[in-house]
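*Asks:* Predicted model, plus sequence, below.
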Amino acid sequence: MSDGNVLRVLYVGPGVGHAGMNGSRRYLDLLRAGSAQSAERTFIPEVLEAPHHKPFLSLREKLMLGSWALTGRPQVAIRPGPTRPALVHSVENVSVPRSGSLPLVVTVHDLSALVRPDLVGKRVALLARLSWRRARSWDAIIVPSEATRSDVVAMGIPRRQTRLIRYGVSAVFTRVPSEDAMKAANQISGGRPFVLAVCPVSVKKGADTLIKSWSQAATAVDGRLVWVSGSKGAEEERILNRGPALSDDRLVRIRNLSDEVLAALYRQARALIAPSRWEGYSFPVAEALASGTQVIASDIPVHREFGDDQHVHFFGPERPADLADLLISAFRSDVRGIGRAFPPAEDFVRAHGDLYREVTS
């Protein structure tokens, strides 16, 4: 503990060292930015960089992830002095370390690795199963949705051990983008109408369904699919090779870009496509709705929590023809709306601060 009554929190997790469009990273960025800007500063975030789930890991990284999952060791944050953390917060439930004598909070974004291991890699599923054996010893489990909370309780965890904290939306997605950001977004789309996807090329994210759907819709519309897919994953080449060929003129692939340009893309898009088979939350859906952009989303429980109105259109995640019809309609309707209100980042940060106080008292 330092700075009077301000708690020092150490964040760990396989994804925290991954600088990209990663859900855990976005979650952590929200916490760090919100804590720094909050007038009621209750905690100081620190980050222990750790290997993320990239396709190829060094032997040292594999040993680290495996030992954290199997035994929880080596422990973290055991150091004396004024910089010693008050608690440890693992921002993922895959490969969770022990925290020694310190309280441990774990964020469970989703339980796909346990409930639907066919949607993730075998290594990730194994690490999650090993870590989850110690879940009852965790001081608190943060979940972002009722869907994820139900999955956690179904695993035998007492409901009282969970805390529902809906993720905030960064302010960049609620304000009008700068002229430079709008120009950059327009350059990406080539000045043509487009729909937007913000997700990795993976089975879990429904990339195969999206590819099939776009191959059908692209023949009926004059527009593009702009796909922000983040870092290349192990599944990407396999999915792209098995799916129908997509014209380079109708598909624009972007690996990573700034939030400012992404916000401009949301504003210009006819719709955001969220084809996931499983989610515990969806930052792109929240960000698109906050930007006033209609959403075409797979009909899964967590997407229903974002509402069922004229700006959210659902399709069966295994029905590419239905998604193709919705894509065609998006180009023909150009529906726009006002930005959906989401809890401000201050509320998101305050809820974490309140929980940290509880587990350290």
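*Replies:* Looks like it came in fine. Numbers count the residues shown, from 1 in each chain.

*Asks:* Without its sequence neighbours, what residue ends up closest to residue 151?
*Replies:* residue 111 (4.3 Å; CB to CB, 6 or more residues apart in numbering). For every residue, glycine as well, the C-beta is placed using N, CA and C.

*Asks:* Can you report how many residues neighbour the one you found?
*Replies:* The burial count assigned to residue 111 is 21, neighbours taken as other CB atoms under 10 Å.

*Asks:* same deal with residue 204?
*Replies:* When counting by other CB under 10 Å, one arrives at 20 neighbours for residue 204.

*Asks:* Could you measure from the residue nearest to it when sequence neighbours are not counted over to residue 261?
*Replies:* Distances taken as CB to CB, 6+ apart place residue 119 nearest to residue 204, at 4.0 Å, with adjacent residues excluded. Using CB to CB, to the nearest Å, residue 119 is found at 29 Å from residue 261.

*Asks:* show me where pLDDT drops low in the stretch 1-150 of the chain?
*Replies:* For the stretch 1-150 of the chain, the stretches with pLDDT under 70 are 1-4, 15-21, 36-42, 48-58, 60-61, 76-82.

*Asks:* can you give me the helices for it?
*Replies:* With helices called from DSSP state H, counting those that start in this stretch, the stretch 1-150 of the chain shows them at 23-37, 59-70, 112-115, 122-132, 146-154.

*Asks:* now these as CSV including mean neighbour count and distance to residue 7?
*Replies:* Shown next, in CSV, are the helices of the stretch 1-150 of the chain (neighbours: other CB atoms under 10 Å; distance: least, CB to CB, whole Å):
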stretch, mean neighbour count, distance to residue 7
helix 23-37, 19, 10
helix 59-70, 16, 23
helix 112-115, 20, 30
helix 122-132, 19, 24
helix 146-154, 19, 25
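
*Asks:* I'd like these laid out as JSON lines, including distance to residue 247.
*Replies:* Output for the helices of the stretch 1-150 of the chain, formatted as JSON lines (distance: least, CB to CB, whole Å):
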{"stretch": "helix 23-37", "distance to residue 247": "30"}
{"stretch": "helix 59-70", "distance to residue 247": "38"}
{"stretch": "helix 112-115", "distance to residue 247": "32"}
{"stretch": "helix 122-132", "distance to residue 247": "33"}
{"stretch": "helix 146-154", "distance to residue 247": "36"}
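
*Asks:* Tell me which of these sits nearest to residue 192.
*Replies:* Closest approach to residue 192 among these (CB to CB): helix 23-37, 28.1 Å.

*Asks:* Show me what the closest one is packed up against.
*Replies:* Packed against helix 23-37, as judged by 3 or more CB pairs under 8 Å, 6 or more residues apart in numbering; DSSP states H and E, are the following elements: strand 43-47, helix 345-360.
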